[in-house]
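> Just to be clear, the model below is a prediction. Sequence and coordinates:
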Amino acid sequence: MLDIYPWQHEQMQRLSSMCKLKRLPHALLFSGPEGIGLKQFALSFAMKILCLSKDNPSNVACGKCKSCELFEAKSHPDLKLILPEEKRKTIGIDQIRELINYVSFKSFSGDIKIVIINPADSMTRNGANTLLKTLEEPPIQSMLILLTNRPSVLPVTIKSRCQKINFKPTYDKAANDWLGVNLKNPQLSSSLLLRLAGGGPLRAIELMNEDYLSSRHALLEDLDILDKQNIDPVKIVARWQNLGAENTVSWLMQIINDLVRLKLCSDKAAIMNHDLRENLQALTNTLDLLKLMRGYDFILLKYKELKGPMNYNSLSILEEIALFWKNYDNSTT
């Protein structure tokens, strides 16, 4: 049985109410921070919509009917999941055309066909433009569900034609309790992990698996070494590559953001890595504010390159960041 996460009940209740009133739109946009569980929520909702037990009063599928059996076997003919093409980061125009062809045929159950696009922000421009006409004039027996952690990247024309269901970062008791149960190391603070994960409990679990807590110390030391010592940046980049390019760039952004906050208001700064306040403060005292701000902007640019549709060389991006930090000179900017 596919259940929603405990912090998602409000959104499911809203959709269930729309369903009972027969006001479900043909296109939904689920958006929220990374690790909030959009995919599982969308699948659970789709399973409920496709469930043949229409008298089921709960917000979940019955799990017993033929439709639910097909769903759990991942062979339901009325559900299609659109993902980025293998070895690519994008959802291309051919996939969108296949989607359009799929929803144009009658559903297996006679009620509805559901397509989940995950992540919707990975659609190419041509793919998004091709989808637009279907959003404007959707087939009667169809529902499109778009998922994204980056709604700002989606074209306004796409967003304006979808009913938005937002999932805000969660730091409440339900998320903390769930995280406490699912953490492999119960001694770690679930509230700290949630804060570091930006309010995404699933991302918090990933941070544990990626050994993020200990990696933060190494990244702080690397920034200090690059700033002060005559060291070959390539050696540091090799360590960053082992951590993973996207992880390293994301974590550097978070750390430098904290350094900027401490530089501006050390006593009252609300920082993410609050358990490292003393270490961060010691480093920020040695750094120039302009360097921190320019460094953050540069790393943000590199992060967008990594997350974007182009296949940039991740090692080259890490080398650019290390060289920028080491060679930055206020007099040349």
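Yep, that arrived.

> With only the CA atoms kept, save the strand ranked longest in the chain in PDB.
For the chain, the strand with the greatest residue count under DSSP state E is strand 142-148. Output in PDB follows, covering the C-alpha atoms of strand 142-148 (Å, rounded to 0.1, in the frame of the first residue of the first chain):
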ATOM      1  CA  SER A 142      -7.000  12.900 -18.800                       C
ATOM      2  CA  MET A 143      -5.100  14.300 -15.900                       C
ATOM      3  CA  LEU A 144      -1.500  15.700 -16.000                       C
ATOM      4  CA  ILE A 145       0.400  16.000 -12.800                       C
ATOM      5  CA  LEU A 146       3.600  18.000 -12.900                       C
ATOM      6  CA  LEU A 147       6.200  17.800 -10.100                       C
ATOM      7  CA  THR A 148       9.000  20.300  -9.500                       C
END
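
> Touching that strand from outside, list them.
24-31, 38-39, 42, 45-46, 49, 103, 112-121, 131, 134-135, 138, 154, 158, 162 (C-beta atoms under 8 Å, 6 or more residues apart in numbering). C-beta: built from backbone N, CA, C; applies to glycine.

> next one: stretch 284-292
The contact list for stretch 284-292, computed with C-beta under 8 Å, 6+ apart, reads 224, 227-228, 256, 259-260, 262-264, 266, 328, 330, 333.

> picking that back up, filter the contacts of strand 142-148 down to just the ones in strands.
Reading strands off the contacts of strand 142-148 with DSSP E, I get 27, 28, 29, 30, 31, 113, 114, 115, 116, 117.

> got those residues as TSV, with pLDDT, distance to residue 244 and neighbour count columns?
Shown next, in TSV, are the ones in strands among the contacts of strand 142-148 (pLDDT from 0 to 100; distance: C-beta to C-beta, whole Å; neighbours: other C-beta atoms under 10 Å):
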residue	pLDDT	distance to residue 244	neighbour count
27	96	34	19
28	97	32	21
29	98	29	23
30	98	26	29
31	98	25	24
113	95	37	23
114	96	33	24
115	97	31	24
116	98	27	23
117	98	26	26
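
> Dump those residues to JSON lines, plus distance to residue 9.
Converted to JSON lines, the ones in strands among the contacts of strand 142-148 look like this (distance: C-beta to C-beta, whole Å):
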{"residue": "27", "distance to residue 9": "23"}
{"residue": "28", "distance to residue 9": "17"}
{"residue": "29", "distance to residue 9": "19"}
{"residue": "30", "distance to residue 9": "15"}
{"residue": "31", "distance to residue 9": "18"}
{"residue": "113", "distance to residue 9": "27"}
{"residue": "114", "distance to residue 9": "21"}
{"residue": "115", "distance to residue 9": "25"}
{"residue": "116", "distance to residue 9": "20"}
{"residue": "117", "distance to residue 9": "24"}
